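Engineer: Output the structure for:
(one chain, ligands or ions: 1)
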Amino acid sequence: MSYVNMEAILGDARKNHYAVGAFNIVNYLTAKAAVEAAEELGQPIIIQTSVKTVKAFGIKEMMSFLKPIAENATVNVAIHLDHSTDVEFTKACIDGGWSSVMYDGSQLTLEENIKNTKEIVTYAKNKKVTVEGELGAIVGVEDDIVVIAGNSAHARPEDCHIFLKETGIDAFAPAVGTAHGVYTGEINIDYDLFDEINQFSSCPLVLHGGTGLTDEMFHKLIALGASKVNISTAIKIAYCQGMVTYTKMNPDQNDPLKLDAFTKEGLKKVVKQHIQFFSLRD
Ligand code: 13P
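Structural biologist: Numbers count the residues shown, from 1 in each chain. Okay, here's the model as predicted:
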């Protein structure tokens, strides 16, 4: 079975100290490119959709082209909803065929976050859908969630203990200093905090804000227990720049399939670079 939830993928990653890349795709081309890249490397992959992207297509329409890509893949593929802050929308995506969802209640109080995440976990469990939760505030812009630098907050271990115990989530994203988008200043990651949380976490840890981290940072965080690494901005850049480059090189060309083929190759290259690095076993 190639269309799976995250449990099937992340359990092995955690056990064997490697990470699975989770790439934010925006349409058929980006999804197909990401899955083909994973297939060519023989590695599992998570393709994830932001709420904004799903809303642009519609739940049913988006799943109608994503599911066949996952079902026909030669490697395990999970389709995950990224950063949903809306309980009802998250449930609608579970009903709509996503094999995994992230409920992001990180901007709520701990109590409210626990209550909503728990509600999603209960709803998702019946349908064999996995759930990712978040604590702390990850700086930057992801979809319509904006966290300015001054409002960043690392996850607190005592809150993580309670959150994990109360919610029963399948994957956990604690904020430890990484940021969404392009890094502009110095990157300050609290490796000790990440290590501490991984030691007691009942489920695999997720690293957000993957674009722009150095190989050394990835290596350190994966060794400390990051089992899922999110990459969004690098995909958006590869997609837009691929189109710009092709159009500049071929100003008189008007065959969209050639433009797509060129852009897809660039996307595959970026996805492959990340997967190759993340999947290195100790
Ligand atoms: P980047 O945009 O920094 O790659 O972050 C991706 C992410 O964490 C999506 O949730």
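Engineer: report the longest strand in this structure, please.
Structural biologist: Using DSSP state E, we find that the single longest strand of the chain is strand 77-84.
Engineer: Counting by contacts, list what it packs against.
Structural biologist: Judged by 3 or more Cβ pairs under 8 Å, 6 or more residues apart in numbering; DSSP states H and E, the packing partners of strand 77-84 are helix 6-15, strand 20-24, strand 45-50, helix 51-57, helix 59-71, helix 87-96, strand 100-103, strand 130-135. In short, each C-beta sits where N, CA and C put it, glycine included.
Engineer: switch the cut-off to 7 Å
Structural biologist: Under the contact criterion of 3 or more Cβ pairs under 7 Å, 6 or more residues apart in numbering; DSSP states H and E, strand 77-84 touches helix 6-15, strand 45-50, helix 51-57, helix 59-71, helix 87-96, strand 100-103.
Engineer: tell me which strands and helices the longest one is in contact with?
Structural biologist: What it means is helix 59-71. If you count contacts as 3+ Cβ pairs under 7 Å, 6+ apart, helix 59-71 packs onto helix 28-41, strand 77-84, helix 87-96.
Engineer: check whether the shortest one contacts the ligand.
Structural biologist: It refers to strand 77-84. Yes. For strand 77-84, a contact with the ligand is found by Cβ under 6 Å from any ligand atom, at 82-83.
Engineer: quick one: low-confidence parts of the stretch 151-282 of the chain?
Structural biologist: Within the stretch 151-282 of the chain, the segments meeting pLDDT under 70 span 151-152, 282.
Engineer: re earlier: export the helices and strands packed on strand 77-84 as TSV, with columns for mean neighbour count, mean pLDDT and distance to residue 164.
Structural biologist: Shown next, in TSV, are those (neighbours: other Cβ atoms under 10 Å; pLDDT from 0 to 100; distance: least, Cβ to Cβ, whole Å):
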stretch	mean neighbour count	mean pLDDT	distance to residue 164
helix 6-15	20	96	14
strand 45-50	26	98	21
helix 51-57	17	98	24
helix 59-71	17	98	28
helix 87-96	18	98	19
strand 100-103	29	98	14
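Engineer: JSON lines please, covering these and showing distance to residue 211.
Structural biologist: JSON lines is the format used below for these (distance: least, Cβ to Cβ, whole Å):
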{"stretch": "helix 6-15", "distance to residue 211": "20"}
{"stretch": "strand 45-50", "distance to residue 211": "14"}
{"stretch": "helix 51-57", "distance to residue 211": "17"}
{"stretch": "helix 59-71", "distance to residue 211": "22"}
{"stretch": "helix 87-96", "distance to residue 211": "24"}
{"stretch": "strand 100-103", "distance to residue 211": "17"}
